[in-house]
Structures are given as structure tokens and as C-alpha cells.
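In: Take a look and give me a structure for this.
(one chain, ligands or ions: 2)
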Amino acid sequence: MTKTYRIAAIPGDGIGVEVIGAGLAVLEVLTGNSGGFRLEVTRFDWGSERYRRIGSLMPADGAAQLLAFDAILFGAVGAPDLPDHLTLWGLRLAICQPLDQYANVRPTRILPGIRSPLARVGPGDLDWVIVRENSEGEYAGHGGRSHRGKPQEVATEVAIFTRAGVTRIMRFAFELARSRPRKRLTVVTKSNAQRHGLLLWDEIAAEVAQGFPDVSWDKMLVDAMTVRMTLHPQSLDTIVATNLHADILSDLAAALAGSIGIAPTANLNPDGSTPSMFEPIHGSAHDIAGKGIANPVATFWTAAMMLEHLGEPAAAARLMRAIERVTADPTLHTPDLGGAASTRRVKEAVIAALTLAD
Ligand code: ATP
Ligand code: MG
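Out: Ligands and ions are numbered 1, 2, ... in the order given. Here you go, the predicted structure:
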């Protein structure tokens, strides 16, 4: 019997709708002619439009509804007329946190045909996976404001780091580093200035490292890390950092690898008790929404990560090969990469490359 995976698709806002549409079309062709398994896709209209209509981005039991699926494919959330914190907490974090998708994995490398903005960085020079702690830290949501609007107003934004939370992400990162050829991990903190939570990170890194004698690891302060990523990208492989730091570093990583329109991410619950969520790292990009020029490559790569996670590595590899065949041709680059191709043209080229590969 053909294996069926249930996929929840949440295109969301802005270009999220365009790139998820392209991603689903590619997945349909891929599964249609690969045999062996199929995807049963259910679409959810959650996002800013729903908020304007009925006052919430998703139903109160939205996260519970997602438990029925094997994976979630997410586009982007955000709208120019709504505060960013409202849309982020109202949808994306309202899924990640209850489903305990604590490991956010962000691979970055320079795909064939794509040039880094750094003149001396070529394809083999940048091949990283950034692991972002995705459940606590600076995004714990703790804090408050007093004396609103008064001169003595105080706002607190409390980062929460727990031994359990830091240990599990550190173990995950060491495991991932061990699975990669270079077996190298860089632990990023700011423990010279943040001397409670990030000293805990340093201590737990050293403890967990004991169990991974085959992984070579080092520590970096986040500020120095931006310099190292820019000047010595070859010296890095797997990277682990807090929720906030890794968010910032992964935008830098995406830009160094050519464009934010290429970079994928997986929000994993590694124990598999709840579905994991896959999304391009870019946002809703309303400046280009509706123009048909969003780069869909991040979403295609995201779809490949989802297939890998579902246990279909051969299909994931086929999709990656098709993506790379397309990026190798500069006439198939979207404007963010300096080209003139449309979302649709890139989608059709990937579909053609998939068909060719059969
Ligand atoms: P959000 O508020 O949802 O995070 P944003 O507009 O703040 O959205 P991004 O969507 O990440 O941030 O976009 C940042 C910039 O990168 C935008 O100006 C956009 O034009 C560009 N960009 C992002 N994603 C893509 C893409 N897939 N293709 C082309 N350009 C992109
Ligand atoms: Mg943004």
C-alpha cells in the first residue's frame, strides 16, 4: 500500500501564499511520479486576513488541530497594518511553543550558480547548519511595563534559560555536529555581559561535550561571531545559539549565502511526539508581495527538509538535485539574486528538472 503523509499547509501572509503555492505544486509533481508515498495536504487560511475578519490569526485550538498531521508547511506571517509582535505571537510562536518544536535547524550553503556577496567566498567555503534554541531564552515572553508613558517608565524583557531547555538543545547540536563530516560545533553566547543565563549555556556546553569526545567544539561571543562568519566562513560548520542570537546570525548567514530568499528552516520536535514545522526563513515581504517575483527556492529547499524528516530521503535528494540544476542557470534567478525570472518560471523549471531526472 502507498504510504500517505498528512501535511498541514499554512501559507499565511504576503509572499508566504505565493511561495507555498509554488512549493505544493512542486511536491505534487515529485510525489506524483516518484511512487512509494503520497502527501495528503490540508490548507489552513490562518493569518492576518483572518485576524482582520474575526480578531484572531488562528483558532484557539489551532495547535491541537495540528496534532493530527505528520508535518506542517508554513509560509510567513506579518502585515504592514498589524504590529509585528501581534502577528508573530498570534501564529508562528502560537504553533512552535505548544508543539514544543524546540530545535530550529537552519542549513546554509552556497548553491550552484549563486554568488556570495563576499567576493572571495566560493561554493565550498560556506557550509553551515545553525541550530536555534526555539522554546525559551529571549522569546520566553516574560516581562512587563510599569508607569506607562511616564518619565519613570520601566520595561523588563526577561530571558529564561532552564537547565533542561539548554541541555536538550546542546545535546541536539552535538548530535547534529557528529553526523556531519567535519564534526565541529561552535557554541555562541554573550556570557561576558549576560552572566547568568549565558554562563549556564557555557557550563552546560562543557558538560554535554564530555559525551562527544569525537566532536571538536569551541565557544564564541556573538559579536565576534559576526566577524568570523564574514571573514573566515570556512572555519565554521555546526553552530548553536540562543533564540535571539541565532535568529540574527541566520539572517546574516542567509545573506552571505546569496539571498534570504533561498534559506530554509525546520522547527523540530526531535522526539516526534508532535509534528514538526518547515518554513522558509524569510518573512511576508509585503514590498514584493503580489508581484510574482518572490524567490521560491527557500520553500523548495524547505520542502526537501520536510521530506527528509518524514523519512523519504531519496525524494528529498531528488528535489535538491532539481533545485540545484535550476539555481545553476542564472537566467532562472529571481530579482533578489540579480536575475529577472518570476516565481512561476522558477517553479516550472524545477518541475521540468524533476521530470528530466526520471
Ligand atoms: P516579516 O515582517 O514577515 O518578517 P519583512 O518584510 O520584515 O517580513 P522579510 O520578508 O524577511 O522581512 O524580507 C526582508 C527583505 O528581503 C524584503 O525587503 C524582501 O523584499 C526580501 N525578501 C524576503 N524574502 C524574499 C524572497 N523569497 N524572494 C525575494 N526577496 C525576498
Ligand atoms: Mg522580518
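In: In terms of secondary structure, what does the helix ranked longest in the chain contact?
Out: Looking across the chain with DSSP state H, the single longest helix is helix 15-34. Secondary-structure packing of helix 15-34 (3 or more C-beta pairs under 8 Å, 6 or more residues apart in numbering; DSSP states H and E): strand 3-12, strand 37-43, strand 71-76, helix 297-310, helix 313-327, helix 343-356. C-beta coordinates here come from the backbone N, C-alpha and C atoms, glycine included.
In: Give the buried residues for that helix.
Out: 15-27, 29-31, 34 (16 or more other C-beta atoms under 10 Å).
In: Contact partners for the residue of the chain found nearest ligand 1?
Out: Closest residue of the chain to ligand 1, C-beta to the nearest ligand atom: residue 283 (2.2 Å). Going by C-beta atoms under 8 Å, 6 or more residues apart in numbering, residue 283 touches 14, 76-78.
In: Pick the one among the residues you listed closest to residue 124.
Out: Within those, the smallest distance to residue 124 is 30.6 Å, found for residue 76 (C-beta to C-beta).
In: residue ranges of the strands in the stretch 201-350 of the chain, please?
Out: 216-221, 238-241, 264-268, 276-280 (DSSP state E, counting those that start in this stretch).
In: Export the ones you listed to JSON lines and append columns for mean pLDDT.
Out: Shown next, in JSON lines, are those (pLDDT from 0 to 100):
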{"stretch": "strand 216-221", "mean pLDDT": "97"}
{"stretch": "strand 238-241", "mean pLDDT": "98"}
{"stretch": "strand 264-268", "mean pLDDT": "97"}
{"stretch": "strand 276-280", "mean pLDDT": "97"}
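In: Mind putting these into a markdown table with distance to ligand 1 and mean neighbour count?
Out: As requested, the strands of the stretch 201-350 of the chain are exported to a markdown table (distance: least, C-beta to the nearest ligand atom, whole Å; neighbours: other C-beta atoms under 10 Å):
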| stretch | distance to ligand 1 | mean neighbour count |
| --- | --- | --- |
| strand 216-221 | 25 | 16 |
| strand 238-241 | 19 | 27 |
| strand 264-268 | 11 | 23 |
| strand 276-280 | 6 | 28 |
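In: In TSV, list those strands along with distance to residue 176.
Out: Output for these, formatted as TSV (distance: least, C-beta to C-beta, whole Å):
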stretch	distance to residue 176
strand 216-221	12
strand 238-241	6
strand 264-268	10
strand 276-280	14
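In: This protein against ligand 1: which residues are in contact?
Out: Contact residues, the chain versus ligand 1 (C-beta under 6 Å from any ligand atom): 15, 76, 78, 84, 260-261, 282-288, 294-295, 298, 334, 336.
In: Selecting buried members of those residues in ChimeraX, what would you type?
Out: With 16+ other C-beta under 10 Å as the criterion, this ChimeraX line picks the buried residues out of the residues of the chain next to ligand 1:
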select :15,76,78,260,261,282,283,284,285,288,294,295,298,334,336
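In: Contacts only, for residue 17.
Out: With contacts defined as C-beta under 8 Å, 6+ apart, residue 17 is in contact with 11, 75.
In: Great, nothing more from me.
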